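Q: got a predicted structure plus its sequence, pasted below:
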Amino acid sequence: MRKDTPSPKGFLSRLGPGLITGAADDDPSGIGTHSEVGAQFGYGLAWTFVFSFPLMVVIQEVAAQIGRVTGRGIAANVRRHYPRGLLFLIVSLLLVANVINLGADLSAMGAALQLLTGGKGITDIQTSSQAAEALRPIAGDLAFALFALGIIGTGMLAVPVLAGSAAYAITEMMGRTGSLASKPLQAKFFCGAIAATTLVGGMVNMGGLDPAKALYWAAVVNGVLAAPLMAVMMLIVRNEKAMGKLVLPHRATLWGWAATAVMAAATAVFFWFLFTGG
């Protein structure tokens, strides 16, 4: 092997973090929501991707820029540069979203395991079995296995990410140290936060709510809470005290606020249809 040729280990070490992050973003909640939308509308909403993709890209860039420049998460930056009331609000929103998502994902993983062990005709998905059945035109008799393995696999990636994200937020809010790179005995508070978040998430799915509905409403909660979190990110990324000379350029700032406005508008429209039945 040539010296300038990367070894397989080196290649995987560079590929791994991005691959895991990308895969974890497509968690069981996302799969459940995509299944329901796909079963009802097919490719009818595919055109929205043309408009949503640039907005998603700029928000991802904003998050990456904050982390790269400051070396801290959202909670730590809010704690350093904004009132404590805003810090408590942001961390609370993050915890609510992550815990509900955790519970829904764990519930879906359990239901998917039942499908494995034998626990586009479906257009109204109400259960995990119906979500799997919606794949039958493509996967045939393997529809249940494909759906179940997808839910379990993505859940195994998403659950640690959600618990870790919540633990980072709590740790930063309290001004404590700790990270996934720390040894457990050196980061007792951080590890305890991970355990507590996972435990509470597990308790959420004990209420008897159908996993498919839990996945759907977890996605709804995340969507509703996204706009205020995005707004705080935009404030941080334009704050010279936090970012120094590396504040977000004006053009990217306009795109970021546009994405935030679209998310807020989508939330308003959702509640309009929810309460008016229009």
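A: Yep, it's here.

Q: quick one: list the elements packing against the one helix or strand residue 152 maps to.
A: Applying DSSP states H and E as the criterion places residue 152 in helix 143-173. When contacts are defined as 3 or more C-beta pairs under 8 Å, 6 or more residues apart in numbering; DSSP states H and E, helix 143-173 packs onto helix 8-25, helix 28-41, helix 74-81, helix 84-116, helix 128-133, helix 188-204. Yep, even glycine has a C-beta here, placed from its N, CA and C like the rest.

Q: possible to save those as JSON lines with mean pLDDT?
A: Listed next are the helices and strands packed on helix 143-173 as JSON lines, based on pLDDT from 0 to 100:
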{"stretch": "helix 8-25", "mean pLDDT": "69"}
{"stretch": "helix 28-41", "mean pLDDT": "75"}
{"stretch": "helix 74-81", "mean pLDDT": "93"}
{"stretch": "helix 84-116", "mean pLDDT": "82"}
{"stretch": "helix 128-133", "mean pLDDT": "62"}
{"stretch": "helix 188-204", "mean pLDDT": "89"}
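
Q: any idea which of those is most buried?
A: Compared across the helices and strands packed on helix 143-173, helix 128-133 shows the largest average neighbour count, a mean of 23 (mean count of other C-beta atoms under 10 Å).

Q: nearest to residue 269, of the helices and strands packed on helix 143-173?
A: Residue 269 lies closest, by C-beta to C-beta, to one member of the helices and strands packed on helix 143-173: helix 28-41, at 15.3 Å.

Q: what's the angle from the helix or strand just after that closest one to helix 74-81?
A: Per DSSP H and E, the first helix or strand lying C-terminal to helix 28-41 is helix 48-70. Using axes from the mean of the first three to the mean of the last three C-alpha atoms, to 10 degrees, the inter-axis angle of helix 48-70 relative to helix 74-81 is 50 degrees.

Q: chain center to helix 48-70: distance?
A: Centroid separation between helix 48-70 and its chain, computed with C-alpha atoms, centre = their mean, to the nearest Å, is 14 Å.

Q: same for it, what does it pack against?
A: Using 3+ C-beta pairs under 8 Å, 6+ apart, helix 48-70 sits against helix 74-81, helix 211-237, helix 240-243, helix 250-276.

Q: what do you get if the cut-off is 7 Å, keeping everything else the same?
A: In this structure, helix 48-70 makes packing contacts with helix 211-237, helix 240-243, helix 250-276, judged by 3 or more C-beta pairs under 7 Å, 6 or more residues apart in numbering; DSSP states H and E.

Q: buried sites along it?
A: 55, 58-59, 62-63, 65-66, 69-70 (16 or more other C-beta atoms under 10 Å).

Q: let me have those in a markdown table, extended by distance to residue 267.
A: Compiled in a markdown table, those are given as follows (distance: C-beta to C-beta, whole Å):
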| residue | distance to residue 267 |
| --- | --- |
| 55 | 14 |
| 58 | 19 |
| 59 | 15 |
| 62 | 19 |
| 63 | 19 |
| 65 | 24 |
| 66 | 23 |
| 69 | 29 |
| 70 | 28 |
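
Q: reformat those residues into CSV and put distance to residue 192 and pLDDT next to each item.
A: As requested, the buried residues of helix 48-70 are exported to CSV (distance: C-beta to C-beta, whole Å; pLDDT from 0 to 100):
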residue, distance to residue 192, pLDDT
55, 36, 90
58, 35, 92
59, 31, 92
62, 30, 94
63, 26, 91
65, 31, 93
66, 26, 94
69, 29, 94
70, 25, 93
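
Q: re the thing from before, now, of the helices and strands packed on helix 48-70, which is deepest in the fold?
A: helix 211-237 (a mean of 21).

Q: could you list every helix and strand in contact with that one?
A: helix 28-41, helix 48-70, helix 74-81, helix 84-116, helix 128-133, helix 250-276.

Q: just the angle between that helix and helix 74-81, please?
A: Using the same axes, to 10 degrees, helix 211-237 lies at 30 degrees relative to helix 74-81.

Q: oh, and call the first residue 42 from now on, that's how I've got it
A: With the count now opening at 42, the last piece we talked about shows up as helix 252-278.

Q: how far out from the middle of the chain is helix 252-278?
A: 8 Å.

Q: same thing with stretch 53-60?
A: With C-alpha atoms, centre = their mean, you get 19 Å for stretch 53-60.

Q: distance check, residue 152 against residue 185.
A: 11 Å (C-beta to C-beta, to the nearest Å).
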